[in-house]
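*Asks:* Here you go, sequence then predicted model.
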Amino acid sequence: MKLDTSGLESAEPVWATFNELADGFSAAPSFELPNTTDFDGFQKEAIQMVKPAKGTTTLAFIFKEGVMVAADSRASMGGYISSQSVKKIIEINPYMLGTMAGGAADCQFWHRNLGIKCRLHELANKRRISVTGASKLLANILYSYRGMGLSVGTMIAGWDETGPGLYYVDSEGGRLKGMRFSVGSGSPYAYGVLDSGYRYDMSVEEAAELARRAIYHATFRDGASGGVASVYHVGPNGWKKLSGDDVGELHYKYYPVMPSTVEQEMVEVAGA
Amino acid sequence: MARYDRAITVFSPDGHLFQVEYALEAVRKGNAAVGVRGTDIVVLGVEKKSTAKLQDSRTVRKIVNLDDHIALACAGLKADARVLINRARIECQSHRLTVEDPVTVEYITRYIAGLQQKYTQSGGVRPFGLSTLIVGFDPYTGIPSLYQTDPSGTFSAWKANATGRNSNSIREFLEKNYKETSGQETIKLAIRALLEVVESGGKNIEVAVMTKEHGLRQLDEAEIDAIAAEIEAEKAAAEAAKKAPPKET
């Protein structure tokens, strides 16, 4: 099978022949079409194959002191929990984070690729890339692979010259700027806690606790989320991991077991 | 059938790229162009050959903008310039689309220089026969810049520079008389430099001014004439002053 390495090329494609002499934008990176008879069905099947894999809960929000990013760490394959210790918050560079939801390999690869592009931008332009620019680079790449089975639901969070930035980018090619996002199968539950507890002027500790609680509640109700709730903070000097708490332990922290008085004891019934 | 892969620009035994050097000759025959950077303003001036009576002078613009905050003037083959300018304009918009930010002057200069270099290392094409002066403001810091590119594809930043016919004399003048200026002073310096080699008069030079707030503004003939007159007056006063001192002890 021919390996596709178009994602590994730098932003400007190498021109073998001189189609440059014709005016126009440089072509977006593109795939050869897959070798299959049923092209429509193939796309549907590919999407179905990865659909269950968005079993996760990730969230991020902007507040006064920067951006808070949190995620669970469970990976599930249908009903089987394949791992409880997946790193779903990817460090693109010292001042930008990406979250993983959807296909783990897709997210990891494309975030790494984005990190490469961000570094090349820095070297070429002698200044850091903005969160806007980085998220747009990723969104453009994902758009060019649209319909080919990539499954990526990610948030790009960072701090640049204009302050904190948060963008949601997905494999349909969508890109949204916002103050609060949650992505994954556990997101409805996380939104409930996040939206009701959110205030713009929270301190870093308050915001971290809100993020942690939102992830915990999502893992409590959503079977596809669990493991460890990681919380990161992105400030003017870059990101910093604040905590990584096992959600089981968080449960007993929030709802400690009270010794209850025994009202009735079960008594052995005499006879059979 | 002709094959297009035969390179036109090849090395000579002593390490020269003659096509590039010939392109530089073409530049040296082109109209003089001068660029001066001030603290809050950048000025471009170009020698204008008197337009024929029946020619519509508005269609012979020599100073063009590439984006709201970047302008370009060039010396050399004007037809080549048109191609380069169109590509640069597309790149400015393409950059806005892919990273949601306007280009910096350095970025677009690097792009144009890269394009010029590509044509010195490809089969079947000749180098562009022009040098450009690119001015603009950095969209974030607001700092003005002036860059120059040439047919070989090299580029660098300048405080003031000239290209085209008699560029050496203009550059000498600028080296002697350059100082950090702003606003009207910068415009005067640019026009003074250009008038070193061009006949005086508003109809022989085209001047454009770029500021952060107002973008590119072409000066009309009357304005240029007024400034030229001011310069003449200053020169006459300086001459007179030179003759006066010997009388005092």
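*Replies:* Yep, that arrived.
*Asks:* just the helices in the stretch 51-200 of chain A please.
*Replies:* Taking DSSP state H, counting those that start in this stretch to define them, one finds helices in the stretch 51-200 of chain A at A:104-125, A:131-144, A:187-197.
*Asks:* Columns mean neighbour count on top of these, output as JSON lines?
*Replies:* From N, CA and C alone the C-beta is placed, and that goes for glycine too. Converted to JSON lines, these look like this (neighbours: other CB atoms under 10 Å in any protein chain shown):
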{"stretch": "helix A:104-125", "mean neighbour count": "17"}
{"stretch": "helix A:131-144", "mean neighbour count": "22"}
{"stretch": "helix A:187-197", "mean neighbour count": "18"}
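*Asks:* for these, which one sits closest to residue A:203?
*Replies:* helix A:187-197 (13.4 Å; CB to CB).
*Asks:* Now do the closest one: everything it contacts.
*Replies:* A:57-59, A:61, A:180, A:182, A:184, A:210-211, A:213-215, A:217-218, A:220-222 (CB atoms under 8 Å, 6 or more residues apart in numbering or on different chains).
*Asks:* redo that, cut-off 6 Å
*Replies:* For helix A:187-197, contacts defined as CB atoms under 6 Å, 6 or more residues apart in numbering or on different chains pick out A:57, A:59, A:182, A:210, A:213, A:214, A:217, A:218, A:221.
*Asks:* same check, this time on stretch B:125-136
*Replies:* Contacts of stretch B:125-136 (CB under 6 Å, 6+ apart): B:8, B:19-20, B:23, B:26-27, B:33, B:35, B:42, B:44, B:69-77, B:80-81, B:84, B:105, B:109, B:116, B:119-120, B:146-151, B:163, B:210.
*Asks:* Drop anything exposed from those.
*Replies:* B:19-20, B:23, B:26-27, B:33, B:35, B:42, B:44, B:69-77, B:80-81, B:84, B:105, B:109, B:116, B:119-120, B:146-151, B:163, B:210 (16 or more other CB atoms under 10 Å in any protein chain shown).
*Asks:* Just those residues: which are in strands?
*Replies:* Mapping the buried ones among the contacts of stretch B:125-136 onto strands (DSSP state E) picks out B:33, B:35, B:42, B:44, B:70-76, B:146-149, B:163, B:210.
*Asks:* how deep is the closest residue to chain B within the stretch 151-272 of chain A tucked in, by neighbour count?
*Replies:* Nearest residue of the stretch 151-272 of chain A to chain B, counting by CB to the nearest CB: residue A:161, 6.6 Å away. Residue A:161 sits with 11 neighbouring residues when counted by other CB atoms under 10 Å in any protein chain shown.
*Asks:* Counting neighbours, what do you get for residue B:127?
*Replies:* Residue B:127 has 27 nearby residues by other CB under 10 Å.
*Asks:* what do you get for residue B:36?
*Replies:* Using other CB under 10 Å, residue B:36 has 30 other residues around it.
*Asks:* check contacts around it.
*Replies:* If you count contacts by CB under 6 Å, 6+ apart, residue B:36 has them with B:43, B:160, B:186, B:189, B:190.
*Asks:* which residues touch whichever residue of chain A sits closest to chain B?
*Replies:* Here the residue of chain A nearest chain B is residue A:133; by CB to the nearest CB that distance is 3.6 Å. With contact taken as CB under 6 Å, 6+ apart, residue A:133 is in contact with residue B:99.
*Asks:* What sits closest to residue A:132 if chain neighbours are left out?
*Replies:* Closest residue in space to residue A:132, ignoring its immediate chain neighbours: residue B:100 at 4.7 Å, by CB to CB, 6 or more residues apart in numbering or on different chains.
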